[in-house]
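Asks: Build me a structure from this.
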Amino acid sequence: MKGTIILNFKIYKEASGKKAVALAKKLSKTKRNGYELIIAPSLLTTKDVIDNCNIPVFSQHTDHVPLGAHTGRISANELKEIGVTGSILNHSERKIPIKYLGEIIKDCKKNKLKTVVCASTLSEIKKVTEFKPDFIAYEPKELIGGEISVTSAKPDLIVKAVELVKSVSRRTKVLCGAGVHNKEDLGQALLLGCSGVLIGHSVPKARDPKKFLEGMLM
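Replies: Here you go, the predicted model:
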C-alpha cells in the first residue's frame with residue numbers, strides 16, 4: 001500500500017444530505033493506484049453512506065460514553081454497530097480535553113475502531129502519542145483550510161513530527177493534515193515520512209471530485 005487517504009466531508013453543502021451518498025458513490029469508484037481510501041461523512045449521513053457505498057467510513061467525532069442515557073452523544077459502541085470502522089478525534093474544529101481524549105481512544109480500541117487524532121503542535125503530538133492511536137494527523141492551525149500545504153510551508157516540522165511519534169509509538173502512523181491540494185503535496189508528505197494525508201475541502205469542493213482525487217493519486 002502506498003499510503004492512506006482520509007477525506008473529511010465535514011458538513012460542506014456539496015457533501016451533505018443526499019449529496020453525501022452521491023459523492024461517496026463517485027469516490028468509491030476512484031482508481032486508487034495502491035492507496036487506501038477512507039471517508040468521514042457528516043454524522044447525519046454516516047449510516048446512509050455505509051449502506052449504499054463500498055468504502056471504509058470513519059466518524060468525524062466520538063464521545064466518551066457507553067450506550068445509555070446520553071442525549072446527543074456519539075458512542076463508539078453504536079458507531080461499531082452501524083458499520084463505522086474508525087473515528088477522527090480532536091480535530092481543530094472539535095477539540096477534546098486531553099484527559100477525555102485518552103478515554104475515547106480506549107473506547108474506540110475496545111470496539112475495534114481505528115483512531116485518527118489531530119494535533120496542531122509538536123507538544124500536542126507528544127501528549128497524544130502516549131495514547132498510541134492508529135494515526136496522528138499533524139495540522140498546524142494557521143494552515144488549515146488554506147492554499148499552502150504544511151509540506152511546503154513547514155517540511156522540517158513534518159520530519160520532526162514523524163520522528164517524535166516513532167520514538168513513542170512505533171505502531172502509530174503520521175498523516176499530513178493541512179493544506180493538501182494536489183499530487184505534489186501528497187508525494188512530498190510521503191517523502192517526508194508520512195503514511196498518508198487527511199484532506200478537507202479540496203476534494204468535496206472540487207468541480208469533479210472523482211477526477212480531482214484520481215489526479216492526486218496518479
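Asks: any low-confidence regions in the protein?
Replies: Where the chain drops to pLDDT under 70, the residues are 141-153.
Asks: how about 90 then?
Replies: Across the chain, the ranges flagged by pLDDT under 90 are 1, 139-158, 177-185, 188-189, 200-202, 218.
Asks: now the helices: where do they sit in it?
Replies: Counting by DSSP state H, the chain has helices at residues 18-28, 46-52, 76-82, 98-110, 122-129, 150-153, 155-168, 183-191, 209-216.
Asks: Most tightly packed of the ones you listed?
Replies: Mean neighbours per residue, mean count of other Cβ atoms under 10 Å, is largest over these for helix 150-153, with a mean of 20. C-beta coordinates here come from the backbone N, C-alpha and C atoms, glycine included.
Asks: quick revisit: of all the helices of the chain, which one comes closest to residue 38?
Replies: helix 18-28 (10.2 Å; Cβ to Cβ).
Asks: Mind exporting the C-alpha coordinates of the closest one to CSV?
Replies: Written as CSV, here are the backbone C-alpha positions of helix 18-28 (Å, rounded to 0.1, in the frame of the first residue of the first chain):
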residue,chain,number,x,y,z
LYS,A,18,-28.4,13.1,-0.2
LYS,A,19,-25.3,14.7,-1.8
ALA,A,20,-23.1,12.8,0.7
VAL,A,21,-24.2,9.4,-0.6
ALA,A,22,-23.9,10.6,-4.3
LEU,A,23,-20.3,11.9,-3.6
ALA,A,24,-19.3,8.7,-1.7
LYS,A,25,-20.6,6.5,-4.5
LYS,A,26,-18.4,8.5,-7.0
LEU,A,27,-15.4,8.4,-4.8
SER,A,28,-15.8,4.7,-4.2
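Asks: tell me the angle of it relative to helix 209-216?
Replies: 40 degrees (axes from the mean of the first three to the mean of the last three Cα atoms, to 10 degrees).
Asks: Other residues contacting helix 18-28?
Replies: For helix 18-28, contacts defined as Cβ atoms under 8 Å, 6 or more residues apart in numbering pick out 7, 9, 13-15, 37, 39, 41-42, 45, 48-49, 52-55, 203-204, 209-210, 213.
Asks: No further questions, thank you.
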